[in-house]
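> can't give you the sequence, but here's the structure:
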């Protein structure tokens, strides 16, 4: 008898038993289905809608009381209407659910359930009649609430509340209690039927297990011997004995399996890759490769690893991995522990010892080899030579240092040249100021031209000098409590003459009173001077407004103008050195393009931010945020607190 025939016979007997149990279970399932269907279609919705109707009545009564008392009449009237609509909706849903329950009771032939459904339909009819009366009284209350509040309160006390208490709530309570009783009865029946089904299934499972055990013992006795022989044969093949052949005298499927096993071993002996072939692949790698044990002992090394260590590969086997690493055994243990814990350890930069005592920079990676059962068989370590990368990094560092030195020399050169030019230029401007009081006519006009050109050139040199000091790191603002309003008023006083000359209105708006910022006074004055001066410069007519505000922990300063504005594509470059939207000889406004760059640098040095919003032809808004302090600065009786190095203030 074939093995599959034995199995089919056993499965047929078990299937017959399962079929009998299934028939009984199907009968029980129909009963359970009836109970569950009745619960889901009728009892549960009835209880839910009854609860919702109770809540709707309470909400309507509360809204009616608010309406009669004159509290939020519009809101109370709307809530009252919504409560009535909700009650009517749930009443209709309850009637529909009860009708479905009655239909199910008729289908399953349950007289008790049918009588209960008829009783609940009668209570719903009584409830519907009472609700119509209650609704009419509520409508009268709504009509009386505005012109006759006393009559509305009397109607609430004499009609509405009694109607709810004596006409609506009793049948609703009876309906809800009946629905709950039906729910409990059906739930108990379903529970009992499920318990009976569980008992039947338990008995059926025990019988099936018993029959399966008997059949299993019989079948095992007929195939255990050949299977044991097959198991022993697989062990031989696993040890590399591909020439082993299995001899099983059996004419069933086990005999066929033995023949297939012999054919498989024959095919494996012809196609399996040899160990020598795998060794050739490993030793052809250009990166050092090591296989180490969990204890850190080298079990295999390729030719690249041997070349890096300056010895033969066989000489490395049996040695500790720490011997090859500059960090020694500690570094090797850390690498192995990380690889075992995480499954791998990637690109750990370290140094490998080479022949002659030199070291080789490498990126060492490790991965765990695991067997079929998850056991750790070894750790594969691959080292990537980082010599080219280190050479490039060193070159980059040298280039960076050279660039920093060039930048420092440039800043020093600009500072020295600016100083050398500014000193004689100051004398020229002073001389022209003296000459303006002594000359007239064309000579006076020429001297004034020289004076204006000198002042413009001095401003340019001062801006270049300030930027050079900032880039050289020579400016160190010292933050102290500063009144933003006082600094803004001082700057407006200096620039008001310039604004009046162009017919521009200067306004200071203090949106938050007494705002103090942690800032260097000289730097803050320069920021205000640059922003307000630019606003006046680029505004032909209109106004310039300075707003002082506070947002959380920031003191906010806004300079808003109605000037020419800027194109959106220029805004990302606004704070760059020497950047102006209008360039070349045809530009409409003079300047070096350093004012806003200096402003941005000063704000950054004081741990603040500066933002800009601008629309071409409409105007611009510059917003500066600095750290805010909550208290005014302390008053010193003698001596002044040391400030940061002052930034020269120029109009």
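Nice, thanks for sending it over. All values derive from a computational prediction rather than experimental measurement. Residues are numbered from 1 along each chain as shown.

> can you pull out the low-pLDDT segments for the stretch 251-400 of the chain?
Counting by pLDDT under 70, the stretch 251-400 of the chain has low-confidence residues at 251-258, 261, 267-279, 344, 355-356.

> show me where the stretch 401-550 of the chain has its helices.
441-471, 484-502, 521-537 (DSSP state H, counting those that start in this stretch).

> quick one, which of the ones you listed is packed in tightest?
helix 521-537 (a mean of 23; mean count of other C-beta atoms under 10 Å). The way it works is simple: take the backbone N, C-alpha and C, and place the C-beta from them, glycine included.

> what angle do that helix and helix 484-502 make?
Relative orientation of helix 521-537 and helix 484-502, computed by axes from the mean of the first three to the mean of the last three C-alpha atoms, to 10 degrees: 30 degrees.

> what is helix 521-537 packed up against?
Contacts defined by 3 or more C-beta pairs under 8 Å, 6 or more residues apart in numbering; DSSP states H and E place helix 521-537 against strand 480-483, helix 484-502, strand 504-510, strand 542-551, strand 554-561, helix 595-605, strand 619-629.

> go through these and name the closest to residue 208.
Evaluated over these, closeness to residue 208 peaks at strand 542-551, with 75.6 Å, by C-beta to C-beta.

> pull out the buried residues from that closest one.
Within strand 542-551, the residues that qualify as buried are 543, 544, 545, 546, 547, 548, 549, 550, counting by 16 or more other C-beta atoms under 10 Å.

> the residue nearest to the first one when sequence neighbours are not counted: neighbour count?
The spatial neighbour of residue 543 that comes closest, neighbours along the chain excluded (C-beta to C-beta, 6 or more residues apart in numbering), is residue 505 at 4.2 Å. Using other C-beta atoms under 10 Å, residue 505 has 13 neighbouring residues.

> let the chain start at 311 from now.
Yep, numbering from 311; the last one is residue 815 now.

> list the contacts of residue 815.
When contacts are counted by C-beta atoms under 8 Å, 6 or more residues apart in numbering, residue 815 touches 809, 852, 853, 854.

> ok, residue 850 next?
Each residue near residue 850 by C-beta under 8 Å, 6+ apart is listed here: 812, 873, 874.

> which among the residues you listed gets closest to residue 476?
Distances from residue 476 to those, taken by C-beta to C-beta, are shortest for residue 873, at 78.8 Å.

> surely residue 374 touches residue 389?
No: if you go by C-beta atoms under 8 Å, residue 374 and residue 389 don't touch, sitting 9.5 Å apart.

> the two: which has the busier surroundings?
Ranked by neighbour count (other C-beta under 10 Å), residue 374 and residue 389 place residue 374 first, with 28 against 18.

> can you point out the buried residues in the helix or strand hosting that one?
According to DSSP states H and E, residue 374 maps onto helix 354-379. Within helix 354-379, the residues scored as buried using 16+ other C-beta under 10 Å are 354-357, 359-360, 362-364, 366-367, 369-371, 373-378.

> let's verify residue 924: helix, strand, or coil?
strand (DSSP: H, G, I helix; E, B strand; the rest coil).

> can you tell me how far it sits from residue 836?
Plainly put, residue 924 is 22 Å away from residue 836 if you go by C-beta to C-beta, to the nearest Å.

> same deal with residue 379?
In terms of C-beta to C-beta, residue 379 sits 66 Å off from residue 836.

> what's the answer for residue 737, then?
Taking C-beta to C-beta as the measure, residue 737 falls 25 Å from residue 836.

> now the angle from the longest helix anywhere in the chain to helix 354-379?
The longest helix of the chain (DSSP state H) is helix 479-548. For helix 479-548 against helix 354-379, the angle by the same axes, to 10 degrees is 130 degrees.

> how far does helix 479-548 sit from the chain's center?
Here helix 479-548 shows a centroid-to-chain-centroid distance of 46 Å under the convention C-alpha atoms, centre = their mean, to the nearest Å.

> helices or strands up against that helix?
If you count contacts as 3+ C-beta pairs under 8 Å, 6+ apart, helix 479-548 packs onto helix 313-348, helix 354-379, helix 421-455, helix 563-581.

> how far does whichever helix or strand comes after the second one sit from the chain's center?
Okay, so that is helix 354-379. Note on helix 354-379: by DSSP H and E, the next helix or strand toward the C-terminus is helix 383-418. Averaged C-alpha coordinates place helix 383-418 at 45 Å from its chain's average position (C-alpha atoms, centre = their mean).

> quick one: buried residues of helix 383-418?
383, 386-387, 389-390, 393-394, 396-398, 400-401, 403-405, 407-408, 410-412, 414-415, 418.

> summarise which helices and strands it is packed against.
Counting by 3+ C-beta pairs under 8 Å, 6+ apart, helix 383-418 packs on helix 313-348, helix 354-379, helix 421-455.

> which of the ones you listed sits most buried?
For the helices and strands packed on helix 383-418, the highest mean count by mean count of other C-beta under 10 Å goes to helix 354-379, at a mean of 20.

> and the angle from that helix to helix 383-418?
Using the same axes, to 10 degrees, helix 354-379 lies at 160 degrees relative to helix 383-418.

> between helix 421-455 and helix 354-379, find me the angle.
20 degrees.

> and the closest residue to residue 354 other than its chain neighbours, how many residues sit next to it?
Sequence neighbours aside, residue 493 is the residue nearest to residue 354 in space, at 6.8 Å (criterion: C-beta to C-beta, 6+ apart). The local packing of residue 493 (other C-beta under 10 Å) involves 17 other residues.

> then the one 10 residues further on?
Burial measure for residue 503: 19 neighbouring residues, criterion other C-beta under 10 Å.

> against residue 496, how distant is it?
For residue 503, the distance to residue 496 (C-beta to C-beta) stands at 11 Å.

> what does the nearest residue to residue 459 once chain neighbours are set aside show for phi and psi?
Nearest residue to residue 459, sequence neighbours excluded (C-beta to C-beta, 6+ apart): residue 380, at 5.7 Å. In terms of degrees, to the nearest 10, the main-chain angles of residue 380 are phi 80, psi 20.

> mind checking how far residue 380 is from residue 747?
Per C-beta to C-beta, residue 380 is found 83 Å from residue 747.

> cool, residue 517 as well?
Distance from residue 517 to residue 747, counting by C-beta to C-beta: 127 Å.

> higher neighbour count, those two?
It is residue 517, of residue 517 and residue 747, that has more neighbours when counted by other C-beta under 10 Å, with 15 against 7.

> per-residue pLDDT, the more buried one?
pLDDT for residue 517: 77.

> any idea how many residues pack against residue 496?
22.

> repeat for the one 3 residues further on
Neighbours of residue 499 under the rule other C-beta under 10 Å: 17.

> for the residue nearest the centre of the chain, which residues are in contact?
Residue closest to the mean C-alpha point of the chain, counted by C-alpha atoms, centre = their mean, is residue 862 at 24.4 Å. Contacts for residue 862 were tallied using C-beta under 8 Å, 6+ apart; they are residue 938.
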